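Chemist: here is a sequence together with a model predicted from it:
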Amino acid sequence: MTIPRLRGAALATVALMATGSAVVPGPAAAAPGAPGTPRYTAGAPTVGDPYFPDQGNGGYDVQHYDLVFSYDPATRFMDATATITAVATQDLDQFNLDFRGPEVSSVTVNGHAHAFTRDGQELIVTPRPKLKAGQRFTVVVRYAGVPGPVTDPDGSIEGWVPTDDGAFVVGEPQGTPAWLPTNDHPTDKATFRFTATVPEGLTAVGNGQLLSQQTRDGWTTFVWDNTEPMATYLATITIGKFEVTQTVTPGGIPSYVAIDPRLVAGSADAVSQIPKMLEFFTGKFGPYPFASTGAIIDYAPNVGYALETQTKPIFSSRASVGTMAHELAHQWYGDSVSPERWSDIWLNEGFATYAQWMYTEYNGGASVQQTFNSSSNYGRAASSSFWQIVLADPGPEDMFSNIPYNRGAMTLHALRGKVGDDAFFRILRQWAAIHRHSDAGTADFIALAERESGQNLGAFFDVWLYQKGKPTTW
Ligand code: ARG
Ligand code: ZN
């Protein structure tokens, strides 16, 4: 779901209603592909992102995911019904969802039960009646069993990670299909609702706003509503024993912070600075892009990283001030503006890291220039392996190494020096405004930087993004 595609889909739906014919195949004699003649084919099994070749699918555009489930940490058993609303973007006789979760008991499309098959992470559905381009359709997938983690090319884990009191749920870059059938690529954003039932005493924390929380017969049901478009990798419904604090920031944004009681003291400084961080970033980047904020601070020592889950960043141990600033900055850069391809990861990590440097300076710590110069950044020897990878294409093993983070932030600082503060902050604000709740790639960023600065930046970006080696002149 993107704004332009949504508009197209809405028009197509109107056109269908006007002709009054939903799924009437054309006359048998018509030439294949003649105007108005449906040509039903299978949607592509991938969006073609080379870092994760099985990710995403073609032929439809998801509008909304609704997941209703129960989870018992004692048995690790999940019982789930996922309802996916989508619009066909071609005449479809087959389509795939990405799903690595437990056993599927049934799949229906528009209420009709269907045979389905599974092949690796592909859940292959053959809808009958077939679907016409522009048609809105609803898929219901029922499944139950024990979901688990996914291991990434860099050896880290994500997906559904059981903890000692629940589950730590993260999905960048490919973990969400561990527990939810999706079109798993950042280019198909959608809205989400999670209805999670967990043993009384535990809390299930999702993206967006809490609609209700009700306890009956020893189980509590939480309903979370995420009404702004979200990439699948930013979804969470993390479960555990949490201390919850609900407030409203001075800027008027409702905040829900859930902290594992073991981590409250160690995270207090970072949590207390959330309003100050949001205010600082709003001043630099433009309006906060979502209707709510907060954080989830859980104890999942085998995960070892934090993630910018939309509206509520998640931490797998104590939250530090620097990491909190990084994850909140991602709400603008990464969450609202998401990468078109995973090779564009520097647009996420470089921006969030640069924001973290800026916040450190604002907070009385090292200046951005000092951080740029330091021995973990520009101060690294030209012979260091740090410089031997192309920043605009680090590869799936290095997408979360320090290269996209630190060299990405350095690229932005070098750009700032090149175009001056006025143009630089205009570029950052425009980037957030133009691509709000959507996706964009490196070429879009270069074009925007050239437009806003009035400079030809081809050589500059070539040195910083596309060449190996330590930049010396730019
Ligand atoms: N985007 C996250 C951050 O910078 C890191 C995610 C790492 N994911 C992974 N599977 N290793 O905060
Ligand atoms: Zn990050």
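Modeler: Nice, I can see it. Ligands and ions are numbered 1, 2, ... in the order given.

Chemist: show me what contacts T117?
Modeler: Counting by Cβ atoms under 8 Å, 6 or more residues apart in numbering, T117 touches 123-124. (Each C-beta comes from the backbone N, C-alpha and C, glycine too.)

Chemist: specify the beta-bridge partners of it.
Modeler: Counting by DSSP bridges, T117 is bridged to I124.

Chemist: check what pLDDT it gets.
Modeler: T117 carries a pLDDT value of 97.

Chemist: same deal with G8?
Modeler: 34.

Chemist: residue ranges with poor pLDDT in the chain?
Modeler: Residues of the chain meeting the criterion pLDDT under 70: 1-36.

Chemist: so which bits of it are right by ligand 2?
Modeler: Neighbours of ligand 2 within the chain, by Cβ under 5 Å from the ion: 349, 352.

Chemist: which residue does the chain bring closest to ligand 1?
Modeler: Per Cβ to the nearest ligand atom, S156 is where the chain lies closest to ligand 1, at 3.6 Å.

Chemist: dump the residue contacts of that residue.
Modeler: 303-305, 400.

Chemist: which helix or strand contains the one residue in the stretch 51-200 of the chain that gets nearest to ligand 2?
Modeler: Proximity of the stretch 51-200 of the chain to ligand 2 (Cβ to the ion) peaks at E172, 8.9 Å away. Counting by DSSP states H and E, no helix or strand carries E172.

Chemist: would you mind giving both backbone torsions of the residue nearest to it when sequence neighbours are not counted?
Modeler: In space, and not counting its chain neighbours, E172 is closest to Y233: 4.3 Å by Cβ to Cβ, 6 or more residues apart in numbering. With angles defined as degrees, to the nearest 10, Y233 sits at phi -70, psi -10.

Chemist: which of the residues in the helix or strand containing A82 are buried?
Modeler: Here A82 is covered by strand 77-88, with elements defined by DSSP H and E. Across strand 77-88, burial judged by 16 or more other Cβ atoms under 10 Å covers 78-88.

Chemist: can you redo these as a markdown table with distance to Y256?
Modeler: Below are those laid out as a markdown table (distance: Cβ to Cβ, whole Å):
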| residue | distance to Y256 |
| --- | --- |
| M78 | 23 |
| D79 | 26 |
| A80 | 23 |
| T81 | 25 |
| A82 | 24 |
| T83 | 24 |
| I84 | 26 |
| T85 | 26 |
| A86 | 29 |
| V87 | 31 |
| A88 | 36 |
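
Chemist: that older thread, quick check: what element follows the strand holding A82 along the chain?
Modeler: The helix or strand immediately downstream of strand 77-88 is strand 92-98, counting by DSSP H and E.

Chemist: list of residues touching that next one?
Modeler: If you take Cβ under 8 Å, 6+ apart as the criterion, strand 92-98 is touched by 40-43, 45, 54-57, 59-60, 84, 121-127, 130-133, 139, 141, 177, 181-184.

Chemist: could you identify the buried members of those?
Modeler: 40, 42-43, 45, 54-57, 59-60, 84, 121-127, 130-133, 139, 141, 177, 181-184.

Chemist: give the bridge partners for the nearest residue to G208 once chain neighbours are set aside, please.
Modeler: Among residues not flanking G208 along the chain, N226 sits closest, at 3.3 Å (Cβ to Cβ, 6+ apart). Beta-bridge pairing for N226 (DSSP bridges): F192.

Chemist: what residues are up against N226?
Modeler: Contacts of N226 by Cβ under 8 Å, 6+ apart are 191-193, 206-209, 235, 310-311.

Chemist: looks to me like G252 is in a helix.
Modeler: No: counting by DSSP: H, G, I helix; E, B strand; the rest coil, one finds G252 to be coil, located in no helix.

Chemist: before we move on, back to that, go through the contacts of strand 92-98 and flag which are in strands.
Modeler: Counting by DSSP state E, the part of the contacts of strand 92-98 found in strands is 41-42, 60, 84, 122-125, 139, 141.

Chemist: and those residues, which is closest to A366?
Modeler: I84 (46.5 Å; Cβ to Cβ).

Chemist: so the closest one touches T138, yeah?
Modeler: Yes: judged on Cβ atoms under 8 Å, I84 makes contact with T138 at a distance of 7.1 Å.

Chemist: OK, contacts around the residue of the stretch 251-400 of the chain found nearest ligand 2?
Modeler: Scanning the stretch 251-400 of the chain for the residue nearest ligand 2 gives A352, at 4.3 Å (criterion: Cβ to the ion). Each residue near A352 by Cβ under 8 Å, 6+ apart is listed here: 308, 326-327, 329-330, 333-334, 405.

Chemist: what helix or strand does it sit in?
Modeler: Secondary structure (DSSP H and E) places A352 in helix 346-362.

Chemist: in the helix or strand just after that helix, what counts as buried?
Modeler: Counting by DSSP H and E, the next helix or strand C-terminal to helix 346-362 is helix 368-373. Neighbour-count burial for helix 368-373, with 16+ other Cβ under 10 Å as criterion, is recorded at 368, 371-372.

Chemist: who's in contact with helix 368-373?
Modeler: 354, 357-358, 360-361, 377-379, 409-410, 413.

Chemist: got a ChimeraX select line for the buried ones in these?
Modeler: Entered in ChimeraX, the line below selects the buried ones among those, by 16+ other Cβ under 10 Å:
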select :354,357,358,360,377,378,409,410,413
